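Peer 1: Attaching a predicted model along with its sequence, questions to come.
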Amino acid sequence: MIDINLIRENPELVKENIKKKFQDKKLPLVDEIIALDIKKRELQSEGDARRAQRNTLAKSIGALMREGKKAEAEEAKRLSKENNDRIAVIEAESVQVETSLKTKMMSIPNIIADDVPLGKDDSQNVQGKVFLEAKEKPFEVPYHLDILESLGGIDLDAARRTSGNGFYYLIGDVARLHSAVLTYARDFMIDKGFTYCIPPFMIRSDVVSGVMSFEEMEGMMYKIEGEDLYLIGTSEHSMIGRFMGEVLPESSLPQTLTSYSPCFRKEKGAHGIEERGIYRIHQFEKQEMIVICKPEESESWYEKLWNYTVELFVSMQIPVRQLICCSGDLADLKYKSCDIEAWSPRQKKYFEVGSCSNLTDAQARRLGIRYKNSKTGKNEYAHTLNNTVVAPPRMLIAFLENHLQPDGSIFIPEVLRPYMGGKTQILPKK
């Protein structure tokens with residue numbers, strides 16, 4: 001959510017930003033917000049004046065009664081009732097106006113960075129840096145599900161019986177590899193100075209509406225029937241929610257946290273959940289990183305965060321690239337964002353394995369996350385950032401394809417061997 005002062009003072013800039021995001025249907029909201037904001041302030045002003053008048057009338061009634069001026073006192077009572085009735089109307093109308101204003105404000109996208117490329121959708125994202133040489137295999141690389149089955153590492157049929165499409169059982173050394181990568185990622189981020197956390201896996205609706213847009217919420221979140229609880233789609237949700245309504249000491253910033261959690265997603269969309277394999281699933285595990293910092297620090301933290309993910313994948317000898325998200329591919333709360341994509345030797349192209357975002361103060365405004373500025377003495381909104389360290393389902397695909405050997409075995413890079421009991425390879429089942 002952006003600052004209301006920006007809409008008051010520079011509505012054309014806000015409209016231009018909406019156009020850059022190709023959300024022209026939202027343009028009328030700006031004028032509607034301005035009208036509601038004026039109405040809100042008018043009601044506030046009248047309400048304050050009438051509440052002051054209520055106190056004056058109350059005092060005058062008592063004085064008139066003591067002086068025996070019954071007629072004047074009755075008239076003052078009548079005026080007091082009219083005044084109180086109007087105050088009740090103002091207060092009720094103020095609630096309606098403020099609710100409508102907040103709803104419309106939460107639909108206005110965050111102002112995007114100047115260096116965000118303009119484009120309608122993800123097809124117009126721009127390639128950034130490339131890390132490690134992407135090599136083709138001198139043999140045909142099977143589909144990742146076939147590799148997993150050859151290793152005896154997955155059971156989709158049983159998962160369909162127990163849970164339906166979009167779930168799987170990981171088995172044996174493949175399951176161990178899955179956990180090894182998560183544990184390695186945890187230690188990797190701890191070594192970078194991040195504090196490790198395991199958050200709640202369910203959050204309330206006020207946290208959900210604070211961390212994401214309404215459109216994202218509807219398309220992603222599972223709601224617990226009969227309770228005000230949602231399963232998290234990523235640990236970022238509950239990690240950021242932890243600081244909801246707080247005023248943090250400036251000395252405590254930046255908050256640098258890395259968290260593990262299972263993630264639950266509806267995965268609604270044109271791609272469907274029927275896609276064969278484990279690229280899109282309803283449940284997975286992830287190591288995440290979040291940062292809460294002062295506004296002047298968020299740009300530098302953004303660069304650090306996505307580079308940490310690159311460093312992690314390169315250490316596992318997986319070629320990756322940065323893909324800079326264009327304006328139309330940014331969720332409403334994002335100031336700028338990039339994906340980290342891993343090389344697929346089978347498809348001979350890159351695919352997404354993580355995403356890094358700077359949300360400036362848009363998320364903090366929704367959740368009321370502030371810090372006390374030591375220079376001004378004022379409470380100011382912090383900036384929030386998040387980034388995927390690693391999400392094993394997609395990482396697993398990249399790992400298997402890049403480390404597949406001609407005999408069907410999977411090479412284990414040196415950094416993971418301590419987490420795999422010293423194993424140097426995973427052998428196929430005969």
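Peer 2: All right, it came through fine.
Peer 1: Please make it C-alpha for all contacts and neighbour counts, starting now.
Peer 2: Noted.
Peer 1: Report how many residues lie close to residue 78.
Peer 2: Residue 78 has 13 neighbouring residues, counting by other Cα atoms under 10 Å.
Peer 1: Report all helices and strands that the biggest helix by length in the chain contacts.
Peer 2: Secondary structure assigned by DSSP state H gives helix 27-66 as the longest helix of the chain. Other elements packing on helix 27-66 under the criterion 3 or more Cα pairs under 8 Å, 6 or more residues apart in numbering; DSSP states H and E are helix 4-9, helix 11-20, helix 70-105.
Peer 1: Adding mean pLDDT and distance to residue 198, write the ones you listed out as CSV.
Peer 2: Shown next, in CSV, are the helices and strands packed on helix 27-66 (pLDDT from 0 to 100; distance: least, Cα to Cα, whole Å):
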stretch, mean pLDDT, distance to residue 198
helix 4-9, 94, 35
helix 11-20, 97, 37
helix 70-105, 89, 32
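Peer 1: Of all those, which one is nearest residue 126?
Peer 2: Minimum separation from residue 126 across the helices and strands packed on helix 27-66 (Cα to Cα) falls at helix 11-20, 15.8 Å.
Peer 1: quick one: contacts for the residue sitting furthest away from the middle of the chain?
Peer 2: Within the chain, the residue lying farthest from the chain centre (Cα atoms, centre = their mean) is residue 68, at 66.9 Å. Listed by Cα atoms under 8 Å, 6 or more residues apart in numbering, the contact set of residue 68 is empty.
Peer 1: Next, the buried residues of the longest helix of the chain.
Peer 2: Neighbour-count burial for helix 27-66, counted by 16 or more other Cα atoms under 10 Å, picks out 27, 29-30, 33-34, 36-37, 39-40, 43, 47, 50, 53-54, 57, 60-61, 64.
Peer 1: Now do that helix: distance to the chain's middle.
Peer 2: 38 Å (Cα atoms, centre = their mean, to the nearest Å).
Peer 1: what does stretch 403-420 give?
Peer 2: Taking Cα atoms, centre = their mean, one finds stretch 403-420 lying 33 Å from the centre of the chain it belongs to.
Peer 1: Can you name the next helix or strand after the least confident helix or strand in the chain by mean pLDDT?
Peer 2: When each helix and strand of the chain is scored by mean pLDDT, DSSP states H and E, helix 214-220 comes last, with a mean of 70. Using DSSP states H and E, the helix or strand that follows helix 214-220 towards the C-terminus is strand 222-223.
Peer 1: other SSEs contacting that following strand?
Peer 2: Contacts defined by 3+ Cα pairs under 8 Å, 6+ apart place strand 222-223 against strand 230-231.
Peer 1: who touches whichever helix or strand comes after the strand it packs on?
Peer 2: The element immediately downstream of strand 230-231 (helix or strand, assigned by DSSP H and E) is helix 235-241. With contacts defined as Cα under 8 Å, 6+ apart, helix 235-241 is touched by 199-203, 207-208, 210-211, 232, 259-263, 286, 288-290, 367, 384, 386.
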